[in-house]
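> quick one, fold the following:
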Amino acid sequence: MREIVSAGVREQRAALARGEVSAVELIEATLRGIDASDLNAFSTVRHERALAEAAQCDAERATGANPGPLHGIPIAIKEELDVAGAVTTYGTRANHRPATQDSEVVRRLRAAGAVIVGKTAMPEFGQWPFTESTTHGVTRNPWDRARSTGGSSGGSAAAVAAGLVPVAIGGDGGGSIRIPAACCGLFGLKTQRGRVTTAPHEHLWWALGVVGPLTRTVSDSALVNDVIRGSMPGDRFRAPEPVMSFAAAAAGPATGLRIGYSTASPVPLVTPDPQHVRAVLETAELLESLGHTVFEIDPGLPDPTPAFLPQFFGGVRAEAELVDDPARLERRTRETVALGAWARRPVIEWAIRRGAALARRADRLFTGCDLLLTPTIAIRPPLVGMLDGTGTVRAMRRSIPMIAYTGMWNVTGHPAASIPSGVGADGLPLAVQLVGPSGGETTILTLAAQLEAARPLSFPF
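Model (predicted):
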């Protein structure tokens, strides 16, 4: 049973279809694994409700009904998304009222047959690329429990990397899917802005945030993204339909692409770890051997911080205003809210326009190449405790090396993914980032699947 629980979506689907395991048996084993874990990946576990949902899946399968693509599959949800009956905490203890309805992404997952087993830990309001909070404590990396999972979707990443669930939903407002994917050896795609709805909310951190899965494989990510993608009438941002399904892209051949690579940080004074530079160069060599044209480029894009910060502060302030008991917010969060008092609507709208101008410059970059290859993070996964004793300014300084390569693409809205690229000398995963043009998720998925096949990552636990 352990092999099935720690398998991917496609393997679990096959086992359920063959009758090797029932949905109830799979969910029971999943819940036992979650309960036994010492990673602090989950903040809420839905024991009774998940088993009831699994029993319903078994009943539906017994009638001969055509199951959805995620029928009976256990999935975890990041704390910032509404799950009916559970408190949407945003990683804080300042909320206590359960949500009355599922967010649209969760509704789509359920419609596809998924069983929601719990909610995953995050730093308060997802402010930091380290999953640590006074509410839930520290989430630990299954590769090395002394190391960070990254963040803010660190609980989701730990759960998938440890094989507790095959997929967990995260959110990415500055790298919060890609950074924990890099730290934990997963595939994490930040889709084009507006590709996945943020309903019932008009936006997630204004123009910065998107919702998406963390998985062990490219094909599982493509399958889940196909389930959840699509906009709603109330969404501020919308993306045109892709040229093909994501699943078809992940299964398709990658031939003759032009790949530009750069290890230069978009943020001044950030120097990438030599292991990350080597990972980019070795990936470039591998891509060339696979028949692609690979060359070094200078992206020539300015520091995105002026467009990022107003939306960061504005996003945190907006979420903090909605909590049930503001006095129970972390001291550091209350400081963030105070420091961001200047990030009012006119300033935020200016920042969004500045990001749109950056996006146009980035689009010109992609006239000369099909994809851009960079490091995902600048430093190795740090020791836990990065937020201990810090205020907002110090926490931001510690965050910069983690978001230096990712934040740009939240500002511009372009799709980007973190892809495993082996294991470093410290025994922790290495990763690289692939960035695509507007609407370029299908190209990213096709190439990422080719890289995964040529350089698979084995999990040693």
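
> against which helices or strands is the lowest-mean-pLDDT helix or strand in the chain packed?
For the chain, scoring each helix and strand by mean pLDDT, DSSP states H and E identifies helix 2-5 as the least confident one, at a mean of 87. Packed against helix 2-5, as judged by 3 or more Cβ pairs under 8 Å, 6 or more residues apart in numbering; DSSP states H and E, are the following elements: helix 9-18, helix 23-36. In this view, the C-beta of every residue, glycine as well, is placed from N, C-alpha and C.

> relative to helix 9-18, how tilted is the last one?
Going by axes from the mean of the first three to the mean of the last three Cα atoms, to 10 degrees, helix 23-36 is angled at 140 degrees with respect to helix 9-18.

> dump the residue contacts of the spatially most central residue of the chain.
To find the centre residue of the chain, average its C-alpha atoms and take the closest one (Cα atoms, centre = their mean): that gives residue 177, at 2.1 Å. Residue 177 sits next to 153, 170, 171, 188, 189, 190, 210, 212, 214, 418 when contact means Cβ atoms under 8 Å, 6 or more residues apart in numbering.

> quick check: next helix or strand after the longest helix anywhere in the chain?
Among the segments of the chain that qualify as a helix by DSSP state H, the longest is helix 345-365. Scanning the chain past helix 345-365 towards its C-terminal end, the next helix or strand to appear is strand 371-375 (assignment: DSSP states H and E).

> buried residues, stretch 416-423. List them.
By 16 or more other Cβ atoms under 10 Å, the buried positions in stretch 416-423 come out as 416, 417, 418, 419, 420, 421, 422, 423.

> what of stretch 34-42?
Of the residues in stretch 34-42, those scored as buried under the neighbour-count criterion (16+ other Cβ under 10 Å) are 34, 37, 39, 40, 41, 42.

> just to revisit the earlier point, from the buried residues of stretch 416-423, which is closest to residue 21?
Nearest to residue 21 out of those is residue 420 (Cβ to Cβ; 27.6 Å).

> what pLDDT does that closest one get?
Residue-level confidence at residue 420 comes out at 98, pLDDT.

> list the contacts of the residue lying closest to it once chain neighbours are set aside.
What sits nearest to residue 420 in space, not counting adjacent residues and going by Cβ to Cβ, 6 or more residues apart in numbering, is residue 457, at 4.2 Å. In this structure, residue 457 makes contact with 185, 420, 422, 423, 429, judged by Cβ under 8 Å, 6+ apart.

> counting only strands, which of these make the cut?
The subset of the contacts of residue 457 located in strands under the criterion DSSP state E comprises 420, 422, 423, 429.

> just the element for residue 106, please.
Following DSSP H and E, one finds residue 106 within helix 104-111.

> just list what that helix packs against, helices and strands only.
In this structure, helix 104-111 makes packing contacts with strand 115-120, strand 167-172, helix 218-228, judged by 3+ Cβ pairs under 8 Å, 6+ apart.

> average model confidence for it?
Mean predicted lDDT for helix 104-111 stands at 98.

> cool, and stretch 290-305?
95.

> send the alpha carbons of that stretch over as CSV?
What follows is stretch 290-305 as a C-alpha-only set of coordinates in CSV (Å, rounded to 0.1, in the frame of the first residue of the first chain):
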residue,chain,number,x,y,z
LEU,A,290,18.8,16.8,-27.3
GLY,A,291,18.8,18.8,-30.5
HIS,A,292,17.9,22.3,-29.3
THR,A,293,19.8,25.5,-30.1
VAL,A,294,21.2,26.9,-26.8
PHE,A,295,23.0,30.2,-26.3
GLU,A,296,23.8,32.6,-23.5
ILE,A,297,21.8,35.8,-23.5
ASP,A,298,21.4,39.0,-21.4
PRO,A,299,17.7,39.4,-20.7
GLY,A,300,18.3,43.1,-20.2
LEU,A,301,15.3,43.5,-17.8
PRO,A,302,15.4,46.1,-15.0
ASP,A,303,14.9,45.3,-11.3
PRO,A,304,11.2,44.5,-10.8
THR,A,305,11.1,45.6,-7.2
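
> run through who's touching that stretch.
The contact list for stretch 290-305 (Cβ under 8 Å, 6+ apart) reads 254-262, 264, 266-268, 284-285, 287-288, 355, 358, 361-362, 365, 368-369, 372-373, 407-408, 411-412, 447, 450, 454.

> narrow the residues you listed to just the buried residues.
Taking 16+ other Cβ under 10 Å as the criterion, what is buried in these is 254, 257, 259-262, 266-267, 284, 287, 355, 358, 362, 365, 369, 372-373, 407-408, 411-412, 447, 450.

> regarding the residue nearest to residue 406 when sequence neighbours are not counted, what is its secondary structure?
With sequence-adjacent residues excluded and distances taken as Cβ to Cβ, 6+ apart, residue 406 is closest to residue 175, at 2.9 Å. Using DSSP: H, G, I helix; E, B strand; the rest coil, the structure places residue 175 in coil.
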